[in-house]
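# Coordinates only, no sequence provided:
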């Protein structure tokens, strides 16, 4: 069987709640965290190794809370995203505090794996179907020698990805004949009495539909894509405006640019599963209840890993 890796972007854990590692808080009946369910589903789908992208200062806690347990289930590799991990000749902008986004995070695994890989967020629950369909595509259909990058993504239904506790940002997708035409980062998406509201990056209202496909950073990528990330990072840094200390090198934008310039094709693999995650601290209880429901329905065993 062709080797495949699950890459979990966990370098941002802790930052969203001003310290602490709330994304590593237990949500399952035996202390399981959201990541455990993703890893369980990936192992079940056939993935052969896990790569954790973390911050070095969180490494001790991370290994204790999750790494040491997961190593008993599947081979584990660690990669480290740091603010200072820049190409030669570049320096951190004065005043910059955060690393450079999901594109830089994934670039950190270059040289650590040599097989197709699936990228996911650490604190999102994706459901089983996305892992199964993406693994199947990477093993049976992905052409790693194609003239353009052969990419796939989990396509979620917008209304299945909203939080009851505040607004969210999503990559809203335009799909034709099963392939991604473009992805637009869309902000402040929330339910209201008038339906679903949303805004563009400047805050102007935009129209979205409940049934539209969205990207949840669930990308199936050939290993050659890492060369593209390395090549594009200096161009991104060169494009920064003076004083901009917040711009990020983001996977959805990188992939969208490749699609628009004809250098990638992205197969959208629809999944009916309902997303949930810890976008807000108040989301945790809803996640606990959702996991309980999945156990009652027989989707998971009470004790996830034997």
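That came in fine, so what should we check first? Every value quoted in this text rests on a predicted model; they were computed, and no experiment measured them.

# going forward, measure contacts between C-alpha atoms and count neighbours the same way
Noted.

# could you show me where the helices are in the stretch 151-300 of the chain, in order?
Remark: helices assigned in the stretch 151-300 of the chain by DSSP state H, counting those that start in this stretch are 225-239, 251-260, 283-296.

# Which among those helices is found nearest to residue 9?
helix 251-260 (11.6 Å; Cα to Cα).

# in the closest one, what's buried?
251, 252, 253, 254, 255, 256, 258, 259 (16 or more other Cα atoms under 10 Å).

# Next: stretch 256-275.
256, 258-259, 264-271, 273-275.

# Residue 280 contacts residue 166, correct?
Yes: look at residue 280 against residue 166 with Cα atoms under 8 Å: they come within range, at 7.4 Å.

# what residue ranges in the chain are flagged as low confidence?
For the chain, the stretches flagged by pLDDT under 70 are 13-24.

# so which of the buried residues of helix 251-260 comes closest to residue 89?
Nearest member of those to residue 89, counting by Cα to Cα, is residue 254, at 22.2 Å.

# my guess is residue 210 contacts residue 162, does it?
No: Residue 210 lies out of contact with residue 162 (Cα under 8 Å); the separation is 9.9 Å.

# if you count what's nearby, which of those two comes out ahead?
Neighbour count, other Cα atoms under 10 Å: between residue 210 and residue 162, residue 162 has more, with 23 against 14.

# gap between that one and residue 124?
Per Cα to Cα, to the nearest Å, residue 162 is found 12 Å from residue 124.

# For the two, list the residues in contact with both.
Residues touching both residue 162 and residue 124 (Cα atoms under 8 Å, 6 or more residues apart in numbering): 275, 276.

# Quick check: which of the helices of the stretch 151-300 of the chain has the most neighbours on average?
helix 251-260 (a mean of 19; mean count of other Cα atoms under 10 Å).

# Can you tell me which helices and strands that one packs against?
In this structure, helix 251-260 packs against helix 102-107, strand 179-192, strand 264-270, with contacts taken as 3 or more Cα pairs under 8 Å, 6 or more residues apart in numbering; DSSP states H and E.

# So for residue 204, which of these sits nearest?
strand 179-192 (9.6 Å).

# Identify each buried residue in that closest one, please.
179-191.

# ok and it relative to helix 251-260, angle-wise?
Strand 179-192 and helix 251-260 are oriented at 140 degrees to each other (axes from the mean of the first three to the mean of the last three Cα atoms, to 10 degrees).

# what's the burial count for residue 87?
12.

# which residue sits closest to it in space, ignoring its chain neighbours?
For residue 87, the nearest residue in space outside its immediate sequence neighbours is residue 234; the separation is 6.8 Å by Cα to Cα, 6 or more residues apart in numbering.

# Thought residue 89 was touching the one you found, still the case?
No: with contact defined as Cα under 8 Å, residue 234 does not count as touching residue 89 (9.6 Å).

# and residue 209, how many neighbours does it have?
By the criterion of other Cα under 10 Å, residue 209 has 14 neighbours.
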